[in-house]
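> Pasted the sequence and its predicted model underneath.
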Amino acid sequence: MITRKLRMGMIGGGPGAFIGAVHRTAAWMDGGIELVCGAFSSDPQRSKQAGELLDIPSNRVYGSYEEMIRSEAALPAEQRMDFVSIVTPNHVHFGPAKLALENGFHVVLDKPLAFNLDEAKALKEIVERTQLLFCLTHTYTGYPMVKEARQQVLSGRLGKIRKVYVEYPQGWLSELLEAASEGTHSFKQASWRTDPARSGQAGGMGDIGTHAFNLAEYVSGLKVSRICADVNIVVPGRKLDDDGTLLLKFDNGASGCLFATQVAAGEENNIRIRIYGEKGGLEWQQEDANSLRLKWPDRPAEILRAGTTYLSSYAQHNTRTPAGHPEGYLEAFANLYRNFSLCLKARLSNETPKPEWLDYPGIDAGVRGMYFIEKVLESGKTDHKWTDF
């Protein structure tokens, strides 16, 4: 397999951005990816400033994503970027991803997949037609013990799954931050995430509800088939939902509950999942990300720990440090980039990727997420008990 670093371009992630720096850190962590170009802002001057800070040659810093993709496509194969990372607000996901794919570039895209379901379906068609690699950064699936939880379920150790509970409590939008002083970090993040023109038709359900939904389907190995949703705008003056609770039905007959809220004052980001089968249950939460708890009706509970040799190959592949040395959000994010990059290197070398490398969220997870948003809001607006998914 090729040993050179993969060349990455970035769209978005300029001065004042939050998630762009996270993506860059994740991409750099394993030393297999280098940032070679970027259109870091819709403002050409701010894009130039970002390029200078990141030590990118001035001729590879672009004033727009259109200029970047077309210019990179015109470069010799040994110079142009291998893939692009798109870290823009939701309303600027579809355009760059579509153009990149149509010009032969593989894509890593921050979630959610698109601004609406029609865009998501169009992207899926392009990915399938071009056969290019596509990664959607549902971060929490990158944790080693989340991967271990999935393997425990798939192995049948818990028996047939009966109940799935997933929650994502945040408190940062307990106040109307989008009305705060312009120029502050809180205002910038809140202003676009609560703006229908930039975020889409959902607020909290699109921002963190999709993470909880993706985690539930990923770990359980099941698909949601029906939803009964209560969706709310709690903070007066807000334009999009900031709170929601859902009853779920899965395709094997299991039931569950999902709640995602951004108005749980004092809460941070402790996403948590519990799954119960005929033979036992499991629990994982981000605040103790290195632990997976298994619960049994006829013997003491077990606590599995990251970094140990008794874990599945999927968990071990996605662990960097010895047991007792905590790995967290950035490492989970980096696992998505590493698995994506290993698959891309395998393709460039005409080799078959290992199953553990293929375990990252792709276009199908993205389309499911957009269906989730649409169906949750549909259910939340009706008096009917259930909405078919």
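Perfect, thanks for sending it.

> Next, find the distance separating Glu374 from Phe259.
Separation of Glu374 from Phe259 (C-beta to C-beta, to the nearest Å) stands at 19 Å. Just so you know, the C-beta spots here come from the backbone N, C-alpha and C atoms, and that holds for glycine as well.

> now swap in Tyr310 and tell me
In terms of C-beta to C-beta, Tyr310 sits 33 Å off from Phe259.

> These two: which has the busier surroundings?
Phe259 (17 against 9; other C-beta atoms under 10 Å).

> For the more buried one, give me its contacts.
The contact partners of Phe259, taken as C-beta atoms under 8 Å, 6 or more residues apart in numbering, are Glu167, Tyr168, Pro169, Ala212, Gly244, Thr245, Leu246.

> Output stretch 173-192 as CSV, nothing but the C-alphas.
Taking Å, rounded to 0.1, in the frame of the first residue of the first chain, the C-alpha atoms of stretch 173-192 are listed here in CSV:
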residue,chain,number,x,y,z
LEU,A,173,-28.7,27.2,24.3
SER,A,174,-30.7,27.7,27.5
GLU,A,175,-30.7,31.4,26.7
LEU,A,176,-31.3,33.3,23.5
LEU,A,177,-27.6,33.4,22.5
GLU,A,178,-28.5,34.2,18.9
ALA,A,179,-29.5,37.6,20.2
ALA,A,180,-26.2,38.1,22.1
SER,A,181,-23.5,40.6,21.1
GLU,A,182,-22.4,40.0,17.6
GLY,A,183,-18.8,39.0,17.2
THR,A,184,-18.7,36.7,20.2
HIS,A,185,-18.0,33.0,19.7
SER,A,186,-21.4,32.0,21.3
PHE,A,187,-23.2,34.3,19.0
LYS,A,188,-21.5,33.0,15.9
GLN,A,189,-22.3,29.4,16.7
ALA,A,190,-25.9,30.1,17.9
SER,A,191,-26.7,32.5,15.0
TRP,A,192,-26.4,30.0,12.2
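
> Which pair in the contacts of Phe259 has the greatest spatial separation?
Pro169 and Leu246 (14.2 Å; C-beta to C-beta).

> Can you pick out the residue with more neighbours from these two?
Between Pro169 and Leu246, counting by other C-beta under 10 Å, Leu246 is the more crowded of the two (26 against 21).

> Show me what the more buried one bridges to in the sheet.
Ala229, Leu258 (DSSP bridges).

> List the residues that contact it.
Contacts of Leu246 (C-beta under 8 Å, 6+ apart): Ile227, Cys228, Ala229, Asp230, Cys257, Leu258, Phe259, Val376, Ser379.

> Hmm, the third one is touching Ile373, no?
To tie it back to what came earlier, the one meant is Ala229. No - using C-beta atoms under 8 Å, Ala229 is not in contact with Ile373; the gap is 10.7 Å.

> Which positions within stretch 342-352 qualify as buried?
By neighbour count with 16 or more other C-beta atoms under 10 Å, stretch 342-352 contains the buried residues Leu342, Cys343, Leu344, Lys345, Ala346, Arg347.

> I should have written stretch 230-237 there, sorry.
Val231, Ile233, Val235.

> Could you say which helix or strand holds the first one?
Okay, so that is Val231. Assigned by DSSP states H and E, Val231 falls within strand 224-232.

> quick check: mean pLDDT across that strand?
The average of the pLDDT scores along strand 224-232 is 96.

> One more: stretch 257-266?
Here stretch 257-266 scores 97 as its mean pLDDT.

> Over to stretch 299-308?
In this model, stretch 299-308 has a mean pLDDT of 98.

> Can you measure across that stretch, start residue to end residue?
22 Å (C-alpha to C-alpha, to the nearest Å).

> next structured bit after the lowest-mean-pLDDT helix or strand in the chain?
Least confident helix or strand of the chain, by mean pLDDT, DSSP states H and E, is helix 185-193 with a mean of 81. Per DSSP H and E, the first helix or strand lying C-terminal to helix 185-193 is helix 196-199.

> Flag every buried residue along that following helix.
For helix 196-199, by 16+ other C-beta under 10 Å, it's Ser199.

> helices and strands around that helix, which ones?
helix 185-193 (3 or more C-beta pairs under 8 Å, 6 or more residues apart in numbering; DSSP states H and E).

> mind listing what's buried in the helix it packs on?
Neighbour-count burial for helix 185-193 flags Lys188, Gln189, Ala190, Ser191, Trp192, Arg193 (criterion: 16+ other C-beta under 10 Å).

> Now the fifth one. Nearest residue, chain neighbours left out?
Sequence neighbours aside, Arg198 is the residue nearest to Trp192 in space, at 4.3 Å (criterion: C-beta to C-beta, 6 or more residues apart in numbering).

> Which residues are in contact with that neighbour?
Pro89, Asn90, His91, Trp192.

> how much space between it and Leu240?
Arg198 is 10 Å from Leu240, by C-beta to C-beta.

> and the strand or helix carrying Glu72, C-alpha only, in PDB?
In this assignment (DSSP H and E), Glu72 forms part of helix 65-74. Provided in PDB are the C-alpha atoms of helix 65-74 (Å, rounded to 0.1, in the frame of the first residue of the first chain):
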ATOM      1  CA  TYR A  65     -14.900  26.500  -3.200                       C
ATOM      2  CA  GLU A  66     -15.700  26.600  -7.000                       C
ATOM      3  CA  GLU A  67     -12.300  28.200  -7.700                       C
ATOM      4  CA  MET A  68     -10.600  25.700  -5.500                       C
ATOM      5  CA  ILE A  69     -12.100  22.500  -6.900                       C
ATOM      6  CA  ARG A  70     -11.700  23.500 -10.500                       C
ATOM      7  CA  SER A  71      -8.100  24.700 -10.000                       C
ATOM      8  CA  GLU A  72      -7.100  21.600  -8.100                       C
ATOM      9  CA  ALA A  73      -8.700  19.400 -10.800                       C
ATOM     10  CA  ALA A  74      -6.500  21.100 -13.400                       C
END
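
> That's all I had, so thanks and see you.
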